[in-house]
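**Q** Requesting a structural model of the entry that follows:
(one chain, ligands or ions: 1)
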Amino acid sequence: MLEAKGLMVFYENMLALNNVSIKCADNQIVGIFGANSAGKSTLMYTLAGIILDMQKKEAMAGGERITMMGEIRYQGEEISHLKPSLRARKGIILCPERRRIFKESSVIENLRIGGYLASAPQAKKTLAYVFELFPTLKHLQKRIGGFLSGGEQQMLAIGRALMAQPKILLLDEPLLGLSPLMQSNLIHATREICNKMQIAIIVTEQYARPVMPIVDYAFILENGSAVLEGTRQELMDNPDVRSAYFGIEES
Ligand code: ATP
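**A** Numbers count the residues shown, from 1 in each chain. Below you'll find the predicted structure:
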């Protein structure tokens with residue numbers, strides 16, 4: 001179980017997260033929905049610990065001051081001071097927005113790099129699973145990452161994250177810029193990963209509609225604040241959520 005309480009992140013004087021509290025139970029899919037600039041990526045960076053690296057880099061370069069406050073507990077342990085690599089070893093793995101795959105490396109190299117934390121048998125087993133989940137990647141094993149389509153790159157980004165043996169996978173806007181068909185494939189794959197690998201997944205998206213069918217619980221972010229939360233059904237029954245996030249007008 002991952003639980004964040006009272007997260008505040010400032011970029012200089014700009015408040016990007018304002019007292020955000022979220023939680024994700026084991027084996028659950030939690031959605032985080034919000035418009036552009038709502039703070040979704042900042043929240044993911046904060047959970048994964050990347051914000052600490054950004055903070056350090058900015059401080060060394062004499063750039064903007066990034067301030068973070070709040071508490072993050074993972075399986076009962078307070079982890080907000082832990083650097084990203086230590087969180088990754090605990091199984092908190094980020095699959096970042098805009099699919100930051102290694103564009104110069106082949107598909108198989110990208111996957112192997114993702115598996116550096118895993119033992120050889122674990123890596124072998126997970127690789128077989130990734131190829132079962134995304135047969136396209138198996139066919140394109142030798143293809144250079146930068147030559148893949150957007151959808152294939154997103155599959156690779158997810159595959160690489162799985163190779164790192166997540167216990168909780170942080171998927172930041174995985175559907176961004178993809179066709180409806182590819183979106184639907186990835187949504188099914190996300191549910192399948194949660195069930196098969198028995199892991200928790202936190203997924204952010206601007207639009208709730210395509211992802212809602214697979215989430216157990218969701219939070220809505222607006223201008224850095226979590227303004228609403230609930231189970232899938234509670235949110236789908238809420239008229240404000242329906243019109244703002246599903247584009248369904250009440251008659
Ligand atoms: P998007 O859907 O556009 O990715 P988001 O919900 O992920 O948006 P964030 O990227 O977390 O939102 O940004 C939240 C706010 O913080 C925005 O106003 C953004 O401009 C600002 N912000 C994000 N990163 C930085 C940074 N490194 N320095 C300064 N401001 C930043």
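**Q** On the three-state scheme, the residue nearest the centre of the chain is what?
**A** With the centre of the chain defined as its mean C-alpha position, the nearest residue by CA atoms, centre = their mean is Leu171, 1.9 Å away. Classification of Leu171 into helix, strand or coil gives strand, according to DSSP: H, G, I helix; E, B strand; the rest coil.
**Q** can I assume it is in contact with Ile201?
**A** Yes - contact criterion CB atoms under 8 Å: Leu171 and Ile201 qualify, at 6.2 Å. Every residue, glycine included, has its C-beta placed from N, CA and C.
**Q** what do the two both touch?
**A** Each of Thr190 lies in contact with both Leu171 and Ile201 under the rule CB atoms under 8 Å, 6 or more residues apart in numbering.
**Q** that older thread, which residues does the residue nearest to the centre of the chain bridge with?
**A** Cys95, Val203 (DSSP bridges).
**Q** May I ask you to confirm that Ser179 is in contact with Gly151?
**A** Yes - in this structure, Ser179 is within contact of Gly151 by CB under 8 Å, at 6.9 Å.
**Q** Ile92: neighbour count?
**A** 25 (other CB atoms under 10 Å).
**Q** Quick check: nearest residue in space to it, chain neighbours excluded?
**A** In space, not counting the residues next to it along the chain, Ile92 is nearest to Ile168; the distance is 5.3 Å by CB to CB, 6 or more residues apart in numbering.
**Q** one step back: Ser179 and Gly151 - which one has more neighbours?
**A** Gly151 (20 against 12).
**Q** ok, the residue nearest to Ile92 to Glu205 distance?
**A** Shown here: Ile168 relative to Glu205, a distance of 17 Å by CB to CB, to the nearest Å.
**Q** can you count the residues close to the residue in the stretch 151-251 of the chain positioned nearest to the ligand?
**A** In the stretch 151-251 of the chain, no residue comes nearer to the ligand than Gln206, which is 5.5 Å away by CB to the nearest ligand atom. Here the number of neighbours of Gln206 (other CB under 10 Å) works out to 14.
**Q** Could you do the one 3 residues further on as well?
**A** For Arg209, the number of neighbouring residues by other CB under 10 Å comes to 14.
**Q** Likewise for Leu181?
**A** Using other CB under 10 Å as the criterion, Leu181 is surrounded by 9 other residues.
**Q** which residues touch stretch 99-106?
**A** Outside of stretch 99-106, the residues that reach it under the criterion CB under 8 Å, 6+ apart are 109-110, 113, 141-146, 148, 150, 153-154, 156-157, 160.
**Q** Among those residues, name the buried ones.
**A** Buried residues within the contacts of stretch 99-106, defined by neighbour count using 16 or more other CB atoms under 10 Å: Glu109, Asn110, Arg143, Gly145, Leu148, Gln153, Gln154, Leu156, Ala157, Arg160.
**Q** To which secondary structure element is Thr42 assigned?
**A** According to DSSP states H and E, Thr42 maps onto helix 40-48.
**Q** Would you confirm that the residue nearest to Ile92 contacts Ala200?
**A** Yes - here Ile168 lies in contact with Ala200, judged by CB under 8 Å, at a distance of 4.4 Å.
**Q** overlap in contacts of the two?
**A** Here Ile168 and Ala200 have Leu2, Cys24 as joint contacts, going by CB under 8 Å, 6+ apart.
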